[in-house]
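I'll drop the sequence and a predicted model, then ask my questions.
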Amino acid sequence: FGTKTELNYSAGVAEKKEKKPPILTGILVDGQVISTQTKQLEINKPSFIQFEYISLEMPGGDIVYKTKLEGFSDVWSLEITENEVLLPKLPVGEYTFKVKARQHGNYNWSDACAVSFSVVPHWYQTWWAYLLYLITFSILIVLAIVTYNRRLIVQKKMLEHKVKARTKEISEKNKELEYLNTTKDKFFSIIAHDLRNPFLSIMGVTNVLSSEYTDLEEEEKQKLIDLVHSSTEKTYLLLENLLTWARSQTNTITFEPEPTSLTELVNEAIGISEAAAHSKNIRINCQIKDEIEIEVDKNMITTVLRNLIMNAVKYSYRDKSIIIEVEKEDGFAKVSVEDCGVGIEPQHCADLFKVSKKISFPGTEDEKGTGLGLILCKEFVSKHHGTIDVISEPGKGSTFWFKVPLQQRHTQ
């Protein structure tokens, strides 16, 4: 239309109408199709979610879309022409996917199509699963600690056992060394004193005989000869005990038990001791209650009997008697040798059989002793699984006795 001053015109504008929202044609979760009719989707923390949609109200022409994922972002996306959208991994949460469409150009946007869904964790990603993991882990730690502690306890006990065993072994070795050292000292003591003195006595007597033989009366000569014989006999017995003891310490004495008559062994030992008893006019009375057959090492038991009888002679007064009793007692053969001598103080009785103790007393006529005989007796009786002991009263005499089994246990 025109005016006085100018010409105006107007162009027609197409009517802009609101369009219905697009519709969802498909939902894919990690490649698997999900129903689009579900009002509230629950998805176990997927890797990818794909929405497919289409606008049926806008046939023909170019159609553009905008999408928005509420809960993740409140901003609409740029215009796109694709009718699908792929969402990346989403964290756990509540979401609403929206999409709207319009024809390309100056047209209004349609209403938005919306679908709500929630991303939930897998059962092994839930809080109670993590709590279970924590409890399980704690239990495993406790079990590991308990197992480790038990192993330490076992190792400690094993170590303690080894230490005790080693300590015991060392202690036994020390005792053995101490015993050997004591044995050595006693051995050299006997050689230095007890074995040397009789030889000095014999040398003195023989020197008198050699230098004054023609000047001596026959009676004096006989006395000197008897003295030499007595000293020689005592020295021989001492030397025999010493050599026997030395062999026992080096384990060169063989233990050979055999059946034998105990009566015969006692009579043999009495025969060896008769000369010494006769010199002091001492009677030896043997009272054999039972004829006993035993299984023993003859040499060892003869040595025991000889030493006990010779000790009884040594410590008995002149013109007295020695009583020897032989009997059975509870599966054992028992031999007792009783003298009428000086007796022994009670505090010394327990030490008579110990090599570490030097317990020796002169005889009633000043006979010398070493204490070696009783130590031999103890060792030889012990080899037969027997026992030996003494009953004594000072001034009244002593009774030495030993017992050996009638039958030997062959464990030596």
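Looks like it arrived, so ask away. Numbering: from 1, shown residues only.

Show me what the longest strand along the chain is packed up against.
Criterion DSSP state E: the longest strand present in the chain is strand 93-103. With contacts taken as 3 or more Cβ pairs under 8 Å, 6 or more residues apart in numbering; DSSP states H and E, strand 93-103 sits against strand 49-54, strand 63-70, strand 113-120. Bear in mind the C-beta positions are built from the backbone N, C-alpha and C, glycine included.

Make JSON lines from those and add distance to Glu325 to it.
Compiled in JSON lines, the helices and strands packed on strand 93-103 are given as follows (distance: least, Cβ to Cβ, whole Å):
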{"stretch": "strand 49-54", "distance to Glu325": "115"}
{"stretch": "strand 63-70", "distance to Glu325": "120"}
{"stretch": "strand 113-120", "distance to Glu325": "105"}
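
Next, the one residue sitting closest to the centre of the chain: phi, psi?
Taking Cα atoms, centre = their mean, the centroid of the chain lies closest to His161, which sits 2.7 Å from it. Per-residue torsions, His161: phi -60, psi -40 (degrees, to the nearest 10).

can you list the domains in this structure?
Listed by automatic domain parsing, the domain ranges of the chain are 23-122, 195-250, 254-412.

quick one: average confidence on the last one?
For domain 254-412, the mean pLDDT works out to 84.

quick check, distance from it to the centre of its chain.
44 Å (Cα atoms, centre = their mean, to the nearest Å).

OK, contacts around the nearest residue to Ser77 once chain neighbours are set aside?
Leaving aside its sequence neighbours, Ser77 sits nearest to Thr67 (Cβ to Cβ, 6 or more residues apart in numbering; 4.9 Å). By Cβ atoms under 8 Å, 6 or more residues apart in numbering, the contact list for Thr67 reads 51, 76-77, 80, 85, 97-99.

again, only this time at 6 Å
Contacts for Thr67 (Cβ atoms under 6 Å, 6 or more residues apart in numbering) come out as 77, 85, 99.

Who does it form a beta bridge with?
Note on Thr67: beta-bridge partners by DSSP bridges are Val99.

What distance do you get for it to Glu94?
Distance of Thr67 to Glu94, computed by Cβ to Cβ, to the nearest Å: 17 Å.

now His229
In terms of Cβ to Cβ, His229 sits 129 Å off from Glu94.

outside of stretch 110-128, which residues touch it?
Contacts with stretch 110-128, where a contact means Cβ under 6 Å, 6+ apart, come from 19, 21-22, 40-45, 90, 92-101.

Mind listing what's buried along that stretch?
For stretch 110-128, burial by neighbour count (16 or more other Cβ atoms under 10 Å) applies to 110, 112-113, 115, 117, 119.

can you redo the residues you listed as a markdown table with distance to Asp366 and pLDDT?
Below are these laid out as a markdown table (distance: Cβ to Cβ, whole Å; pLDDT from 0 to 100):
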| residue | distance to Asp366 | pLDDT |
| --- | --- | --- |
| Ser110 | 145 | 89 |
| Ala112 | 139 | 92 |
| Cys113 | 138 | 91 |
| Val115 | 131 | 89 |
| Phe117 | 125 | 88 |
| Val119 | 118 | 88 |
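
Report the buried members of the contacts of Thr67.
Applying 16+ other Cβ under 10 Å to the contacts of Thr67 flags 85, 99 as buried.

Nearest to Thr244 among the contacts of Thr67?
Val85 (114.9 Å; Cβ to Cβ).

Quick check: neighbours of the helix or strand where the closest one lies in the sheet, parallel or antiparallel?
Val85 is part of strand 84-87, with elements assigned from DSSP states H and E. If you go by DSSP bridges, strand 84-87 pairs up with strand 49-54 (antiparallel).

gap between stretch 219-233 and the chain center?
On the basis of Cα atoms, centre = their mean, stretch 219-233 sits 65 Å off its chain's mean C-alpha point.

would you say Leu78 is within a helix?
No: if the criterion is DSSP: H, G, I helix; E, B strand; the rest coil, then Leu78 is coil and not within a helix.

Just want the phi and psi numbers for it.
Dihedral pair for Leu78: phi -70, psi 160, per degrees, to the nearest 10.

And it, how far from Gly71?
Distance of Leu78 to Gly71, given as Cβ to Cβ: 20 Å.

Neighbour count: those two, which is higher?
Gly71 (16 against 9; other Cβ atoms under 10 Å).

From Phe117, how far out is the more buried one?
From Gly71 over to Phe117 the distance is 9 Å, taken as Cβ to Cβ.
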